[in-house]
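[1] Okay, predicted coordinates and the sequence, questions at the end:
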Amino acid sequence: MKAAIIVFPGTNRERDMAIALKRVTGQAPRMIWHHETDLGDTDLVVLPGGFSYGDYLRCGAMAAHSPIMGAIKAFAQKGGHVLGVCNGFQILTETGLLPGALLRNANLRFLSQDCYLKVEAENTPFTHKWKKGDVFRTPLAHGDGNYTADIATLERLEGEGLVAFRYADAKGNVQADDAASNPNGSVNSIAGILSENKRICGMMPHPEDLVDPLMGGEDGLPLFQGLVEAVVR
Amino acid sequence: MNKPVTVDESLAREFGLTSEEYGRVLSIMGRTPSLTELGVFSVMWSEHCSYKSSRKWLRTLPTKAPWVIHGPGENAGVVDIGQGYAAIFKMESHNHPSFIEPYQGAATGVGGILRDVFTMGARPIANLNALRFGSPENPVTRRVIDGVVRGIGGYGNCVGVPTVGGEINFHPAYDGNPLVNAMTVGLARKDRIFLSAAAGVGNPVVYVGSRTGRDGIHGATMSSAEFDEDALSKRPTVQVGDPFIEKLLIEACLELMATDAIVAIQDMGAAGLTSSSVEMAGKGGVGIELDLDAVPQREPNMTAYEMMLSESQERMLMVLRPDRTDVARKIFEKWELDFAIIGHLTDTGHIVVKHKGQLEADIPLDPLAEQAPIYDRPATPPKAPAPLEGVHAPLSLDATLLKLVGSPDLASRAWVWNQYDSTVGGQTVRRPGAADAAIVKVEDTDIGLAITTDCTPRYCQADPKTGGAQAVAEAWRNLTATGARPLAVTDNLNFANPEKPEIMGQFVAAVEGMGEACSALDFPVVSGNVSLYNETRNPDGSTTAILPTPAIGALGVLDDVNKAVGLGMQPESEVVLIGETKGELGQTIWLREILGQEAGAPPPVDLAAEKRNGDFVRSAILDGTITACHDIADGGIMVAAAEMVMASGIGCELESPDSGIRPEAFWFGEDQARYLACVADGKALCERAQAAGVPARIIARSGGNDLILPSGVTISAARLKTAHEAFFPTLMGN
Amino acid sequence: MKVRVTVMLKDGVLDPQGKAISHALQTLGFDGVQDVRVGKVIELDLPGAKAEEAQKKADAMARDLLANLVIEDYSVEVVE
Amino acid sequence: MKVRVTVMLKDGVLDPQGKAISHALQTLGFDGVQDVRVGKVIELDLPGAKAEEAQKKADAMARDLLANLVIEDYSVEVVE
Ligand SMILES: Nc1ncnc2c1ncn2[C@@H]1O[C@H](COP(=O)(O)OP(=O)(O)O)[C@@H](O)[C@H]1O
Ligand SMILES: [Mg+2]
């Protein structure tokens, strides 16, 4: 799998993402500066975490207008695989590649902690290493991760199985009004969603930061392993 | 400042110079200085930049070891960590700004210390912060905590440097003067270190980063003055940080540093353009000429005086090879940062400043530095504390323990560190709370860096010398408890008004204690910062001084990071108490929280025992015998055991000590040089300890999920955690 | 011309900041506050532009960048 | 009564957001934008209060909580 990571001014988790991808592909992903207009030859485009443009105005708003976004939209239109994590997810919603928006965390504080995710959609390129209902641990680190969407969009996401991950407790119980298991207050505890063709995934937590036992575990690894298989197939 | 002002002694005094110092300015200049010149002298000779009260004593600290590459004198200290890498680190205070505007004060403190580290060529890989707040009951404290924690997170999270550790104490002495000490650790190739001494007459002087505004003018002199109610009217000096620009600046500087364009580089910290240009030229023994018309400006009509003294953030000054300025310009343009050639080096030995065709300043650099005032201020040696006598326990052990683990100084800091991104970078091996020191891996190697900050101000207040030594010893112990080999120290010496002999006496004694400990432990000081005048003038004219707070930041190395241990209790283990217990209750948390007294002498520090015990523990960690380790500090043995239980959820049963010491003294005394260690075979470890001359005994066996006291009383890990975790959320309201 | 773009969360989108402020105001003893909404104001200086032109331009900027129409409404006002 | 409190950074205080937005607008092809300043607007609903009273109350709230007078200025406006 050839992967490309997009770097915006203020992106800061591109190296974490590169480590995770290298771990499953054996090869360092390409870094693409946001001023480029061509993605080159790639199977996967990743928008990593960070504070593009300082998160000023709204997270992801300015990055969504970067020159490279045209190429990413075209890539997505042709059925390319795109993963947006944290700031990357925010950028994907700002460009309209994914529906909804990410508001300030409900408690108005930056949150940096481990959370548990329950896998909701199986057999997608991003989740097929898990079974529906599986629970895994992953760090999260964001100030604006409170997912929201209008009712019609929510119904569509839920109805078409486009919710990829939900925040849960360690046992997999989902309870949207419980700050302990749904720390940022997301509607329906939504932590990650998919595009209609299930080739674009946006999520707030950072599976790329839990791919090594030395750092506390490998719970995030299946996402990347799964991508390799899905994309190569 | 567009009205002409008369430069005279009274203006000099307003700028913080004494009459005698102003006399010295006159004799150096041979004429009345211009306003800009007076400004330059006043900031360069401020306590903050000149270390005039502390220099004499700082010189007594040990600064050398075979692994020290650069000690004090550079922007940050540099040590060799093996495999061609160097760690670059320093700690710095932003105390006064953080009281006036907690968010921006703390944020710009983080920004400033980051620049001190990346200016030397290092990628910042970890931040820590040592914080001291007023009484939790004081309503102002909440506002300060909220702003400081948001500010540190807001800046550090955005620049993408993980905040991995720190410490927090509460005491009413900090009510009007909280302490915010920020530390950064960076990583560089050891043959790619950048220094600040300028060289090459004719070489261009280049300004990069944010534009200059009227921010923080006279910040350096303000941080050198005692705080009074007027402080609030000095507010316009508040600087606002832009972490986004800082992030770009880090990337752009590192990209430029990979070329051969840079001759010298220096961040613009306190006293901005003045101190950076004076220091670069002064260190290089050259002259410098600046043309302020070329300085990127944010506001119209700025004067030379304002530009020279502005403390606008996120700016750097560099001397470049003339044939490489285009390479450099391209890099900064790519990162969308201002880049301007604002002058050149000369052979005059003067700093010459021109603006709008006028000569605004012309000062000889040598006298500016060499005749900078140094004071040997009168110091009254601190009185020895009266010994503690006749205290006894009013509460049962279990009630005492639950109260202690929930007390402000011991309660869980998770509320704080959960607002700091501790994993960005993907190299954080031990996050906050997981071990006695944070551990960050050096990417693509097996090297681990262990990092901690420590100081126990209540010990320093009672006995500054012991307190100074204890702070160093505790830092060394915290590194050791992870398996790391302690390498070096940075410090932040926070004290009150040095013009008062008893405060100067505290300072001298604390530095003496630090120095002794650093020597005995082979643990040199490689960088640091001094923050004086930390006191508040009360409405009735009296002053409140902070507790003497020589914060120690320390760094150690693990050649194989896989061997690091954490502090979480391990299953099916015996827990060995290492080090001697006499039951020292003076100045303990127990005494303060349970009996409401701050009394007695702090626990004595025996540096030989410290070294012996620590070296033993480290060797047993590195050979895999010890599987978890926690140093025994505030709260004593029982609190340490409870912390191990809470960290992993695995319980243990404590044995009755049979020591002849009263139970509260045995369990809550704060004797130094001690550790709790999990091992499979406690007896074997004790035998090995005995052979090494190290006191050791089995104190507990792990298992279940409860902490079981010798009395048989059982406290579940969950119940401990509830007591432990309530303090911050309750105080802060969420 | 100076233009002010005010961006507010749409009715129906939860405004945790507003809620927190309302709560804090109560704690401070300010009663009688029923509803608090928090938004952003962006002041743009468009020298040389005439009022109508400035209004139009700001409207375009708001649509393109300053507001996220999924969750926010905006209004544009020429100030001077 | 509805009151609007607008909080802006004081003149001379660095406005990192404004700077970044101005830059982004340029990139998007909006030229002629000279200066951008970003602030907060807080809309308060004070039912029952008369205009003058509402104004006074909001002023006190701004001083006590809504604005950080160290770096911000505010203005109060009764909307309806
Ligand atoms: N307490 C101290 N212990 C050791 N070194 C110190 C101490 N205080 C300052 N230094 C050293 O003095 C030099 C000047 O410090 P400082 O003025 O804080 O630097 P900067 O201008 O980069 O902020 C640095 O090398 C610093 O490490
Ligand atoms: Mg410096």
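    Cool, got the structure. Ligands and ions are numbered 1, 2, ... in the order given.
[2] Could you measure from the closest residue to B:Gly77 other than its chain neighbours over to ligand 2?
    For B:Gly77, ignoring the flanking residues on the chain, the nearest one in space by CB to CB, 6 or more residues apart in numbering or on different chains is B:Val526 at 2.6 Å. For the C-beta atoms, the positions are set from N, CA and C on the backbone; glycine is no exception. B:Val526 is 14 Å from ligand 2, where distance means CB to the ion, to the nearest Å.
[3] Would you enumerate the residues in contact with B:Val526?
    For B:Val526, the contact set (CB atoms under 8 Å, 6 or more residues apart in numbering or on different chains) comprises B:63, B:68, B:70-72, B:77-79, B:89, B:488-490.
[4] Repeat the analysis, applying 10 Å as the threshold.
    B:61, B:63-65, B:67-74, B:76-79, B:87-90, B:487-491, B:555 (CB atoms under 10 Å, 6 or more residues apart in numbering or on different chains).
[5] same check, this time on B:Pro548
    B:173, B:382, B:455, B:457, B:459-462, B:464, B:467-468, B:493-496, B:503, B:505-507, B:509-510, B:534.
[6] ok so, going back, now go through the contacts of B:Val526 and say which are in strands.
    Per DSSP state E, strands hold the following members of the contacts of B:Val526: B:68-70, B:77-79, B:87-90, B:487-491, B:555.
[7] and the helix or strand of chain C with the lowest mean pLDDT, C-alpha only, in PDB?
    For chain C, counting by mean pLDDT, DSSP states H and E, helix C:16-27 ranks last in confidence among helices and strands (a mean of 92). Provided in PDB are the C-alpha atoms of helix C:16-27 (Å, rounded to 0.1, in the frame of the first residue of the first chain):
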ATOM      1  CA  PRO C  16     -22.000  24.700  25.500                       C
ATOM      2  CA  GLN C  17     -20.100  27.900  25.800                       C
ATOM      3  CA  GLY C  18     -23.400  29.800  26.200                       C
ATOM      4  CA  LYS C  19     -24.500  27.400  28.800                       C
ATOM      5  CA  ALA C  20     -21.300  27.600  30.700                       C
ATOM      6  CA  ILE C  21     -21.500  31.400  30.700                       C
ATOM      7  CA  SER C  22     -25.100  31.400  31.800                       C
ATOM      8  CA  HIS C  23     -24.100  29.100  34.700                       C
ATOM      9  CA  ALA C  24     -21.100  31.200  35.700                       C
ATOM     10  CA  LEU C  25     -23.300  34.400  35.600                       C
ATOM     11  CA  GLN C  26     -25.700  32.800  38.000                       C
ATOM     12  CA  THR C  27     -22.900  31.700  40.300                       C
END
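[8] Any buried residues in that helix, and which?
    Buried positions in helix C:16-27, judged by neighbour count with 16 or more other CB atoms under 10 Å in any protein chain shown: C:16-22, C:24-25.
[9] So the helix or strand following it, near chain A or not?
    Using DSSP states H and E, the helix or strand that directly follows helix C:16-27 along the chain is strand C:35-45. Yes. For strand C:35-45 and chain A, the contact criterion (CB under 10 Å from any CB of the partner chain) is met by C:38, C:40, C:42.
[10] any idea which helix or strand of chain A has the worst average confidence?
    Lowest mean confidence among the helices and strands of chain A (mean pLDDT, DSSP H and E): helix A:221-232, at a mean of 94.
[11] residues from chain A in reach of chain C?
    Near chain C, when you scan chain A using CB under 10 Å from any CB, you find A:57-58, A:60-62, A:64-65, A:93-94, A:96, A:99-108, A:146, A:148-151, A:153, A:185, A:187.
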